[in-house]
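Colleague: Need a 3D model of the following:
(2 chains)
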Amino acid sequence: MRTRRTGKGGTRAGIVVAAAMCSMGVLLVGSYVSAEQVNRLTIEDLTIETRVAAPEGHPLGSELISGWEFRTPETQVLQQDDFQNPAFLWVEQAEEAWETEEGAAGKSCASCHGDASESMAGVRAQMPKWNAAAGRPMTMEQHINACRTDRMEAEAWKWESDAMLGMTAYLGLQSRGLPVAVQTDGPMADWIARGKELYYSRVGQLDMACANCHEGYYGQYIRADRLSQGHTNGFPTYRLKWQKLGSLHRRFSGCMKQVRAVPYKRGSEEFVALEAYLASRGGGLSVETPAVRQ
Amino acid sequence: MYKPMHKLHLKLCATAVAIGAAALAGFAVLDAARADTAPAYQIVDGAIADSLTGVPGDPEKGKQVMLNRRLGNCVACHEISAFADQPFHGEIGPPLDGAGDRWTPEELRAIVANPKAVFEGTIMPAFYRTDGFSRVADKFENKTILSAQDVEDVIAYLKTFKE
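Modeller: The predicted model follows:
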């Protein structure tokens, strides 16, 4: 029998019972967003807040709604059980990598950070985070690579590599259930303003901004795709369409290509700024990393 | 029933006239590389009065353009009873049934060519326009989504959408 150590405890029997109960709830209620909706995302013993009240004057209105709620019951249920969530194949590899010494300095992540379930708890919820030495906010990927090159003297991982996706998922998991709470003041204010500008800027031959779909028409369909509010709390996410785990910046890039625009590069200042703005926009929603989406 | 107020159009008309005048005065030469392909039309009172090609539209071809996912892809956003055999109609835009009753062909031409000049802030792409975009992918740079004749064919088909 496989075991999944997530740092949050829980027995397999408990997981199965909880997942079965949740699936029944989902099947009974359906996945359509409505005022009466009562289905809840529960993983192991952890309740994930997929709806939270929006602060006064929020552009999305009164409620922030996780992308999980916009998906079909078949997709939702995959995230309710870590044994069914395919992202955990990457997480398990990252859990091993955490303990593995690499690079000229002969260190592993654990050499400095010890038990990830303690040292990394809450970290994902604050990403991207201002780094005073670098003079810019850094995403989880950028923090990981800074550790690898500067402290471990190992090679940086590529943004969309399996190793990087796994490690960002594993570290994100240590914040699962905690509210997204990115810094918005001080030096972050300019970055968030820049991200906001990008969010509302139309691009590409189809001339669309993020806001056109994800603010103006969430809950509605384009073809068979149901538009979400575009929150970032589940990334990296296992996407059925990709058949693998993927980064938030990959998702940004995909949206930009769909509107026939030239995407910014993964890790670019533009995407980091957009990530910061979206994190602030979705503040209060639970971290769901690694989520499962369509 | 979807007809907008026409306040905006006076301004747009004035802008279009100004652009036209500038082009006549020779400013268009500065952008000679695009001059051959850039669409030339004026939207007046939410309508384009003249055919974009002078060739009457073919409704059957228009239907194919509307269905094609790389061209019109209309059901991505609009529900259309005539395409009931197509799965998954979107709901972002208004249903197109009866569009031929609600709009004149001249208005339909403007809505398809550049809907933002008719409905301010709409999400709908401009199907016959090349200017005013940013970060357009190389493949689509300075290209319109539809050709002028495609637009005329689509109008000819939309005209048949009666309640």
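Colleague: quick one: the helices in the chain?
Modeller: Went with chain A since none was named. Under the criterion DSSP state H, helices of chain A are mapped to A:12-29, A:73-79, A:88-99, A:109-113, A:116-119, A:140-146, A:162-173, A:188-199, A:210-214, A:248-258, A:269-281.
Colleague: look at chain B instead
Modeller: In chain B, the helices defined using DSSP H lie at B:7-24, B:32-35, B:59-67, B:99-102, B:105-113, B:148-158.
Colleague: and the ones you listed, which one is worst for confidence?
Modeller: Ranked by mean pLDDT, the helices of chain B end with helix B:32-35 at the bottom, a mean of 35.
Colleague: before we move on, back to that, what's the closest of the helices of chain A to chain B?
Modeller: Chain B lies closest, by Cβ to the nearest Cβ, to one member of these: helix A:210-214, at 4.4 Å. Quick note: C-beta positions are derived from backbone N, CA and C, even for glycine.
Colleague: tell me what that closest one is packed against?
Modeller: helix A:188-199 (3 or more Cβ pairs under 8 Å, 6 or more residues apart in numbering or on different chains; DSSP states H and E).
Colleague: what angle sits between the helix it packs on and helix A:248-258?
Modeller: Helix A:188-199 and helix A:248-258 are oriented at 30 degrees to each other (axes from the mean of the first three to the mean of the last three Cα atoms, to 10 degrees).
Colleague: And helix A:188-199, what's buried?
Modeller: Residues of helix A:188-199 classed as buried: A:188, A:191-192, A:194-196, A:198-199 (neighbour count, 16 or more other Cβ atoms under 10 Å in any protein chain shown).
Colleague: Then stretch A:79-96?
Modeller: Those would be A:79-82, A:85, A:87-88, A:90-95, for stretch A:79-96 by 16+ other Cβ under 10 Å.
Colleague: cool, stretch A:171-178 as well?
Modeller: A:171-178.
Colleague: Between which two of those residues is the distance greatest?
Modeller: Spanning the widest gap among the buried residues of stretch A:171-178 are A:L171 and A:G177, at 14.5 Å by Cβ to Cβ.
Colleague: now the helices of chain A as a markdown table including distance to A:A53 and mean pLDDT?
Modeller: Shown next, in a markdown table, are the helices of chain A (distance: least, Cβ to Cβ, whole Å; pLDDT from 0 to 100):
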| stretch | distance to A:A53 | mean pLDDT |
| --- | --- | --- |
| helix A:12-29 | 21 | 40 |
| helix A:73-79 | 22 | 94 |
| helix A:88-99 | 31 | 98 |
| helix A:109-113 | 34 | 98 |
| helix A:116-119 | 30 | 98 |
| helix A:140-146 | 27 | 98 |
| helix A:162-173 | 24 | 98 |
| helix A:188-199 | 21 | 98 |
| helix A:210-214 | 19 | 97 |
| helix A:248-258 | 24 | 98 |
| helix A:269-281 | 14 | 98 |
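Colleague: wait, doesn't B:A82 sit right on B:L158?
Modeller: No: B:A82 lies out of contact with B:L158 (Cβ atoms under 8 Å); the separation is 10.0 Å.
Colleague: Neighbour count: those two, which is higher?
Modeller: B:L158 (24 against 15; other Cβ atoms under 10 Å in any protein chain shown).
Colleague: dump the residue contacts of that one.
Modeller: Residues near B:L158 by Cβ atoms under 8 Å, 6 or more residues apart in numbering or on different chains: B:62, B:96, B:99-100, B:103, B:108, B:112.
Colleague: who's in contact with the residue nearest to A:A121 when sequence neighbours are not counted?
Modeller: Of all residues not flanking A:A121 in the chain, A:Q174 sits nearest, at 5.0 Å (Cβ to Cβ, 6 or more residues apart in numbering or on different chains). Counting by Cβ under 8 Å, 6+ apart, A:Q174 makes contact with A:7, A:116-117, A:120-124.
Colleague: rerun that using 10 Å as the cut-off
Modeller: By Cβ atoms under 10 Å, 6 or more residues apart in numbering or on different chains, the contact list for A:Q174 reads A:6-8, A:115-125, A:287, A:289.
Colleague: Would you mind listing which of those residues are buried?
Modeller: Using 16+ other Cβ under 10 Å, the buried ones in those are A:6, A:8, A:116, A:120-121, A:123-125, A:287, A:289.
Colleague: Return the closest of the contacts of B:L158 with respect to A:P263.
Modeller: Nearest to A:P263 among these: B:V112, at 27.5 Å, using Cβ to Cβ.
Colleague: number of nearby residues for the closest one?
Modeller: A count of nearby residues for B:V112, using other Cβ under 10 Å, gives 27.
Colleague: Same check on B:R109?
Modeller: So B:R109, with other Cβ under 10 Å, has 26 neighbours.
Colleague: Chain A versus the residue lying closest to it once chain neighbours are set aside, what's the distance?
Modeller: Spatial nearest neighbour of B:R109, chain neighbours left out: B:I48 (4.2 Å); criterion: Cβ to Cβ, 6+ apart. Using Cβ to the nearest Cβ, to the nearest Å, B:I48 is found at 19 Å from chain A.
Colleague: List the contacts of B:I48.
Modeller: Counting by Cβ under 10 Å, 6+ apart, B:I48 touches B:39, B:41-42, B:105-114, B:117, B:128, B:151, B:155.
Colleague: residue contacts, A:L78?
Modeller: A:19, A:71, A:84-87, A:238, A:240, A:291-293.
Colleague: Looking at the residues you listed, which has the smallest pLDDT value?
Modeller: Lowest pLDDT among the contacts of A:L78: A:A19, with 42.
Colleague: Before I go, just wanted to say thanks for your time.
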